[in-house]
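Asks: this one's structure only:
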């Protein structure tokens with residue numbers, strides 16, 4: 001099922017005539033494809049409702065519903081009026097035709113103005129796709145809800161509703177650079193032809209295919225690293241939300257024609273995990289550092305690994321055994337650092353200030369520093385150093401290791417070098433394939449693609465240096481003495 005060309009055409013259709021709305025347009029379509037909901041946070045007049053209306057035109061079937069909530073809104077505005085005939089028969093039923101329970105795409109403005117009378121029914125409808133109408137719980141055809149708000153929810157009772165929106169995006173007015181284009185914009189929206197629109201059966205097929213996609217090991221490590229980062233930032237994400245995020249990543253990869261959900265599908269993560277808008281820049285910065293690279297091979301992690309091997313080498317090469325000459329006598333180091341068999345030697349005595357002391361042969365019991373000799377008008381050549389006996393340090397030799405010990409060390413190093421070499425080859429392949437992948441990718445923005453390119457280059461250079469260090473370490477381990 002090759003839906004990528006159709007998805008690409010629908011993205012272009014959704015974006016036509018909208019300025020600086022590429023990301024929310026892609027998020028809205030992806031929300032519909034995966035059966036999730038999108039929250040747009042921002043001031044009025046920023047094309048939030050227009051985006052929702054356009055999204056409905058991309059589907060082949062289903063109704064559209066739109067409503068603005070206030071603090072005085074009643075359930076009838078969303079779920080339909082009570083049936084008079086049913087009340088006459090002592091049944092509590094709503095006439096849902098034309099209201100939210102029968103819509104496939106819905107836009108709810110100022111959603112956090114909802115009161116408790118609306119809230120409970122809305123939660124069940126958004127999450128379980130079910131609506132309690134009287135004594136019956138009915139399945140609803142809802143595909144996705146786009147909600148808008150000028151403010152974040154206040155009060156714990158709205159947290160559950162806030163959590164139902166897996167995708168979140170903060171919409172701002174167009175920038176100064178696009179203001180002139182906004183003033184002169186005269187392009188109207190053209191709904192897509194019927195052959196491009198997605199039916200409910202096709203949406204279900206996409207989700208079924210997406211469920212079968214595996215997660216790339218690099219993506220699993222990325223999500224694990226991200227969870228640790230969120231804990232450091234004191235940003236809490238529920239287990240249910242992580243499961244929904246994985247579902248979204250699979251749909252992203254499936255629509256892009258991938259055989260597994262990989263690192264590039266992680267572009268979604270900053271839009272799924274923030275609770276407060278000020279948290280988004282931190283998530284975005286983290287993603288830009290990891291979007292193209294496997295966290296298991298981060299330069300910092302590999303450098304720490306190489307450092308640990310450097311410590312092992314220092315321990316194994318530590319000279320801890322006394323050195324012997326050919327006759328078997330123990331060796332000591334003289335003043336020049338040369339091996340000698342005499343344990344005791346003589347060296348020049350120094351005073352507390354570290355200055356060498358000298359004596360006049362005619363005055364053997366008196367010592368002078370070189371400066372004192374010059375101050376007295378004497379010639380230092382007529383003086384000899386004052387000598388004192390000392391114990392020479394033992395000359396040491398490296399410890400010899402069993403052959404099995406060194407073989408195990410070399411085997412482990414070869415394994416690490418091989419893994420790093422394979423990853424460097426993978427980085428080279430990623431760089432080679434990056435340009436065509438970015439041109440054909442449905443979701444990645446050009447800015448994120450450029451960051452991925454820089455990251456691949458920087459990581460390849462850093463890890464190449466670490467591999468050279470590992471090769472030097474292997475050479476030094478191989479040169480260690482082996483027991484006879």
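Replies: Happy to help now that I have it. As the structure is a prediction and not an experimental result, all values here were calculated from the model. Numbers count the residues shown, from 1 in each chain.
Asks: you'd agree residue 63 is up against residue 100?
Replies: No - counting by C-beta atoms under 8 Å, residue 100 is not a contact partner of residue 63; they are 9.6 Å apart. (C-beta placed from N, C-alpha, C; glycine too.)
Asks: so which of these two has more stuff around it?
Replies: Between residue 63 and residue 100, residue 100 has the larger neighbour count (other C-beta atoms under 10 Å), namely 24 against 16.
Asks: and that one, what is it in contact with?
Replies: 65, 67, 78, 79, 106, 125, 142 (C-beta atoms under 8 Å, 6 or more residues apart in numbering).
Asks: can you classify the third one as helix, strand or coil?
Replies: If I follow you right, that is residue 78. When states are read from DSSP: H, G, I helix; E, B strand; the rest coil, the local structure at residue 78 comes out as helix.
Asks: and the residue nearest to it when sequence neighbours are not counted, what's its pLDDT?
Replies: Spatially, and ignoring its direct neighbours in sequence, residue 78 is nearest to residue 100 (4.8 Å; C-beta to C-beta, 6 or more residues apart in numbering). Taken from the predicted model, the pLDDT recorded for residue 100 is 94.
Asks: same check, this time on the one 3 residues further on
Replies: The per-residue pLDDT reported for residue 103 equals 95.
Asks: that one touches residue 146, doesn't it?
Replies: No - between residue 103 and residue 146 there is no contact, the gap being 11.5 Å when judged by C-beta under 8 Å.
Asks: neighbour-wise, which of the two wins?
Replies: Remark: of residue 103 and residue 146, residue 146 carries more neighbours, 29 against 23, as counted by other C-beta under 10 Å.
Asks: how far away is the more buried one from residue 255?
Replies: With distances defined as C-beta to C-beta, to the nearest Å, the gap from residue 146 to residue 255 amounts to 19 Å.
Asks: and the residue sitting furthest away from the middle of the chain, how far is that from residue 7?
Replies: Of all residues in the chain, the one whose C-alpha sits farthest from the chain's mean C-alpha position, using C-alpha atoms, centre = their mean, is residue 362 at 80.8 Å. Here the criterion is C-beta to C-beta. By it, residue 362 lies 105 Å from residue 7.
Asks: list the contacts for the residue nearest to residue 427 when sequence neighbours are not counted?
Replies: Setting aside the residues directly before and after it, residue 427 is nearest to residue 460 in space (C-beta to C-beta, 6+ apart), at 4.7 Å. Contact partners of residue 460, counting by C-beta under 8 Å, 6+ apart, are 424, 427, 428, 431.
Asks: tell me which element the first one falls in.
Replies: Secondary-structure assignment from DSSP states H and E places residue 424 in helix 403-440.
Asks: other SSEs contacting that helix?
Replies: helix 299-316, helix 446-478 (3 or more C-beta pairs under 8 Å, 6 or more residues apart in numbering; DSSP states H and E).
Asks: and the angle from it to helix 446-478?
Replies: Orientation check (axes from the mean of the first three to the mean of the last three C-alpha atoms, to 10 degrees): helix 403-440 against helix 446-478 gives 170 degrees.
Asks: which parts of helix 403-440 are buried?
Replies: For helix 403-440, a neighbour-count test (16 or more other C-beta atoms under 10 Å) marks 406, 409, 413, 416, 420, 423, 424, 427, 430, 434, 437, 438 as buried.
Asks: surely the second one and residue 317 touch.
Replies: In this case it means residue 409. No - in this structure, residue 409 is not within contact of residue 317 by C-beta under 8 Å, at 11.4 Å.
Asks: same question for stretch 210-227, mean pLDDT?
Replies: 94.
Asks: what does it contact?
Replies: Here stretch 210-227 makes contact (C-beta under 8 Å, 6+ apart) with 34, 237, 242, 245-247, 249-251, 253-254, 258-263, 265-266, 269, 273, 286, 290, 294-296.
Asks: for PyMOL, what selects the buried ones among those?
Replies: The following PyMOL command selects only the buried members of the contacts of stretch 210-227, with burial defined by 16+ other C-beta under 10 Å:
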select buried, resi 34+237+245+246+247+249+250+251+253+254+258+261+262+263+265+266+269+273+286+290+294+295+296
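Asks: where in the protein is pLDDT low?
Replies: Along the chain, segments meeting pLDDT under 70 span 1, 321.
Asks: so what are the domain limits for it?
Replies: The record assigns the chain these domain ranges, following automatic domain parsing: 4-199, 213-291, 299-316+400-478, 332-397.
Asks: now distance to residue 325 too, for the ones you listed, in a markdown table please.
Replies: Below are those laid out as a markdown table (distance: least, C-beta to C-beta, whole Å):
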| stretch | distance to residue 325 |
| --- | --- |
| domain 4-199 | 77 |
| domain 213-291 | 55 |
| domain 299-316+400-478 | 17 |
| domain 332-397 | 7 |
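Asks: where do the strands sit along the stretch 151-300 of the chain?
Replies: Taking DSSP state E, counting those that start in this stretch, the strands of the stretch 151-300 of the chain run over residues 167-170.
Asks: please enumerate the helices of it.
Replies: Across the stretch 151-300 of the chain, reading from the start of the chain, the helices by DSSP state H, counting those that start in this stretch fall at 159-163, 179-183, 200-212, 217-232, 239-255, 269-273, 280-290, 299-316.
Asks: let me know which of those is tucked in deepest.
Replies: helix 269-273 (a mean of 21; mean count of other C-beta atoms under 10 Å).
Asks: which elements pack onto that one?
Replies: strand 167-170, helix 217-232, helix 239-255, helix 280-290.
Asks: mind putting those into JSON lines with distance to residue 340?
Replies: Compiled in JSON lines, those are given as follows (distance: least, C-beta to C-beta, whole Å):
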{"stretch": "strand 167-170", "distance to residue 340": "78"}
{"stretch": "helix 217-232", "distance to residue 340": "57"}
{"stretch": "helix 239-255", "distance to residue 340": "70"}
{"stretch": "helix 280-290", "distance to residue 340": "58"}
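Asks: which among the ones you listed is found nearest to residue 203?
Replies: Closest approach to residue 203 among these (C-beta to C-beta): helix 239-255, 10.0 Å.
Asks: tell me what the closest one is packed against?
Replies: helix 22-34, helix 200-212, helix 217-232, helix 269-273.
Asks: please redo it, this time with the cut-off set to 7 Å
Replies: The helices and strands touching helix 239-255, judged by 3 or more C-beta pairs under 7 Å, 6 or more residues apart in numbering; DSSP states H and E, are helix 22-34, helix 200-212, helix 269-273.
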